[in-house]
Each structure stands twice: as structure tokens, then as C-alpha cells.
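> Could you look at this predicted model? Sequence included:
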Amino acid sequence: MARPGIWALVVLAALGGARAQDLVTQQDQRRPPTLTVQSNLVEVPTLVTTKKGEVVFGLAAKDFVVTDDGAPQTIRVEPDTDSQPLALAIVVETGGDGVTHRDDYRRLGAILDALVGGVPHRIAVIGFDSIPQLMLPFTSDTEEAAQVLGHLPEGDQGAAILDALAFAVDELRAEPAEYRRAILLLSETIDQGSRTTLTEALRQISDTNTAMYSFAFSSTRAAVAHEAGKFNQAEPGPAHGCFSRQGADAEYDPKKGGHYSKQVLDCISQLAPPLRLATMAFVAARDALRKNTAESVAHLTGGQYVRFKNAKDLRSALIAASNDVPNAYVLSFHPTAPTAGLHALHVEVKGRSDLVVRARTEYWMEAAAP
């Protein structure tokens with residue numbers, strides 16, 4: 001069984017402002033090439049438990065079924081991933097509602113050590129309000145990272161989660177290729193003010209070699225609905241499409257005694273993979289990002305999402321994650337149809353409906369360079 005150590009909690013970001021532009025210039029000079037069709041190994045961290053939460057050990061590649069846009073894939077279980085070095089980006093909200101949670105991040109040194117495990121590692125701290133900024137460049141000193149987390153400045157009213165995630169992904173890409181990439185996101189649930197579009201966010205989050213783990217407190221401001229609505233302006237959905245409630249038949253309309261769930265099932269039955277499955281995954285993932293940004297980034301990568309209220313909750317959740325994540329399997333495959341864009345993934349254990357499988361549900365394949 002693969003024991004990959006901690007995977008990444010991830011955060012996304014489009015950079016804005018003068019300080020962000022300086023960092024972009026530095027990153028461009030040292031950034032290795034991103035994943036493309038020519039290098040298309042897809043990694044799928046997968047945690048298998050009983051319904052009581054007990055980890056299931058001893059499974060092999062033959063025990064799993066993995067489909068990519070509905071097509072079964074030939075997979076392998078990667079061995080000894082827990083011995084690979086780790087690059088971890090900690091993305092923490094210092095603005096918005098995050099101002100009142102800064103004390104929750106004090107004295108996390110021992111927990112950070114448990115998260116990274118006994119492997120060579122590099123940790124960076126990225127703070128964000130309306131704009132992300134690098135508060136600690138990558139270092140092997142976990143205690144230094146803990147010190148930065150314990151003395152966070154007070155930010156403005158912004159909470160640009162998607163911008164911060166994009167920023168973190170860019171920082172991680174500059175790390176050595178042999179390092180696993182991980183992002184730990186500490187934020188409120190809803191994005192407030194990012195310039196990153198939902199489409200670009202999906203491309204960043206669905207990077208095949210980075211998993212994200214989100215620990216979030218509730219967004220409380222009335223601006224949430226307004227901010228989420230802004231994402232609709234440049235990315236409208238299909239008018240009166242198969243899933244649209246407007247103009248639906250009586251058998252689908254709840255106001256007429258119908259059931260919308262039946263409409264969804266009927267729509268799915270009409271849509272043949274692989275193109276439609278990928279389109280459905282894209283629409284569903286984009287809508288989910290609007291409703292709960294922190295939760296969606298974790299689910300998209302097969303990571304973990306936990307809500308917390310205070311320092312005690314957070315510490316308990318982080319300790320639980322340090323125990324669960326090293327016991328994940330890492331499944332990998334080369335796509336049989338490496339088309340550019342978002343791919344829908346499904347993972348299950350053959351003949352074991354009694355087991356709970358947590359794995360990434362999408363990944364993004366970049367187009368081949370000319």
C-alpha cells in the first residue's frame with residue numbers, strides 16, 4: 001500500500017498589485033514547465049475506509065476501478081511515496097473574517113512536524129487578504145513556519161481565496177520536480193474578491209500532482225452573495241439547458257408535483273461520455289466553487305475538508321489529518337484519451353459497496369505545446 005505522507009491543501013490565485021507583479025517576474029525566471037499532454041501521468045491519492053472510519057489496508061491495483069470520462073483505465077499503485085520529499089504551501093487568510101482567527105494558528109510547530117513526516121521537506125507560508133503575498137519563502141525549518149503563523153499581521157476586508165491558491169500553485173511549481181506538492185488552506189468558506197476566474201481556478205486546482213486540504217471557518221458577511229454573483233458575469237451557463245428548471249416539464253417541476261432529481265437523472269442518461277461527462281464535471285465543479293470555495297478545492301483533489309471554530313478544533317483536525325493522509329493509496333495511470341481540458345474521474349473498490357472511497361473527482365489536462 002502506498003503511504004504518500006501529507007498531500008497538499010491547496011489554494012489558488014491570480015496576482016494583482018505591484019508587490020504581486022514583482023513575484024510573478026521572479027517566478028517566471030525559475031518556473032519549470034507545467035504538466036502537458038506529453039507528460040500525462042495522472043496521480044490519484046485515494047483513501048479507503050469502512051463506514052466507521054477505519055482505514056482499509058492491503059488493497060492492490062486489481063482491487064480498484066478508475067474511469068476517466070467514463071472510460072476504464074489501467075492503473076498501478078505507486079510504491080513508497082511516503083519516502084519522497086515534500087513541498088508544502090500553507091495558505092492562510094489574514095484579512096476578512098480571518099482577522100479574528102489569527103490566534104488559532106499559534107503553537108502549531110509540533111503539528112506541522114507530524115504533517116510533513118520524517119522526509120526532506122520545504123514549507124512556505126502565504127498570507128492573503130485582497131492580495132496574496134509570500135510571508136515566508138520555502139524553508140526546511142518547520143519551527144520558522146510556525147513562528148510566522150503565530151505572528152500574522154492584520155489584513156484588509158478581502159478574502160481572495162482563489163487568487164491566493166493560484167499564487168501558491170505558482171510557488172510550488174518552482175520547487176524541485178522530485179518533490180511532492182501540497183497545499184494547506186486556512187480560510188473562511190467563501191471567496192471574497194478574487195480576480196481569478198472560475199475556469200482558471202479549476203485549471204489550477206485540478207493540477208494532477210497537487211492535492212489540497214482545507215480547514216475553514218464560516219463566512220459571515222452579507223457580501224458573500226454579492227461576491228459569488230460576480231463570478232457569473234463572464235461565465236454564463238447554457239440557457240434553458242437540459243438541467244434548467246425554467247420551462248421544465250411537469251414531471252420535473254416541484255411546483256407541479258414533479259421531482260427535479262428525476263430531471264437530473266434523465267439528463268445524465270442522455271449524455272454519452274466522454275465529452276458530456278467532462279462538461280458535466282466542469283459545470284458542477286464551477287458551481288460548487290461559488291457556493292463553498294474552501295470545500296470544493298479539497299474535494300476536487302481528493303483532499304480533506306474540515307470546518308473549525310477555534311484553535312482546539314483546528315488542532316484536533318490537523319492531528320487527524322496527519323494520521324489519515326499517510327495511509328492513502330496513490331493510484332496512477334496514463335489517460336487513454338489525453339484530450340485537453342477537464343476530465344471527470346471516478347474511483348471505486350470492486351465489489352465493495354460497503355467501503356467509503358475518497359479520491360479526486362477531476363483533473364485538468366493542458367494542451368500540448370505547439
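Happy to help now that I have it. Residues are numbered from 1 along each chain as shown.
> where does the stretch 251-370 of the chain dip in pLDDT?
Scanning the stretch 251-370 of the chain for pLDDT under 70 picks out 251-276, 325, 368-370.
> Can you mark which positions in the longest helix seen in the chain are buried?
Ranked by residue count and defined by DSSP state H, the top helix of the chain is helix 275-291. Buried residues in helix 275-291, counted by 16 or more other Cβ atoms under 10 Å: 276-282, 285-286, 288-290. All C-beta atoms are positioned from the backbone trio N, CA, C, and that covers glycine.
> What of stretch 204-222?
For stretch 204-222, by 16+ other Cβ under 10 Å, it's 204-217, 219.
> Restrict it to CA atoms and write it as PDB.
Output in PDB follows, covering the C-alpha atoms of stretch 204-222 (Å, rounded to 0.1, in the frame of the first residue of the first chain):
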ATOM      1  CA  GLN A 204      -5.100  25.400 -11.100                       C
ATOM      2  CA  ILE A 205      -7.000  23.300  -8.500                       C
ATOM      3  CA  SER A 206      -7.200  20.300 -10.800                       C
ATOM      4  CA  ASP A 207      -3.500  20.100 -11.400                       C
ATOM      5  CA  THR A 208      -2.800  16.300 -11.300                       C
ATOM      6  CA  ASN A 209       0.100  16.400  -9.000                       C
ATOM      7  CA  THR A 210      -1.200  18.600  -6.200                       C
ATOM      8  CA  ALA A 211      -3.800  17.700  -3.600                       C
ATOM      9  CA  MET A 212      -5.400  20.300  -1.300                       C
ATOM     10  CA  TYR A 213      -6.600  20.100   2.300                       C
ATOM     11  CA  SER A 214      -8.900  22.900   3.500                       C
ATOM     12  CA  PHE A 215      -9.600  23.800   7.100                       C
ATOM     13  CA  ALA A 216     -12.300  26.600   7.200                       C
ATOM     14  CA  PHE A 217     -14.400  28.700   9.400                       C
ATOM     15  CA  SER A 218     -17.700  30.100   8.300                       C
ATOM     16  CA  SER A 219     -18.000  33.200   6.100                       C
ATOM     17  CA  THR A 220     -20.400  35.500   8.000                       C
ATOM     18  CA  ARG A 221     -20.600  38.700   5.900                       C
ATOM     19  CA  ALA A 222     -23.600  39.700   3.800                       C
END
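> in stretch 99-107, what counts as buried?
Result for stretch 99-107 [16+ other Cβ under 10 Å]: buried residues 99, 101-102, 104-105.
> what are the ranges of the strands in the stretch 201-350 of the chain?
210-217, 305-307, 329-333, 341-349 (DSSP state E, counting those that start in this stretch).
> and of the buried residues of stretch 99-107, the nearest to Thr49?
Asp104 (27.2 Å; Cβ to Cβ).
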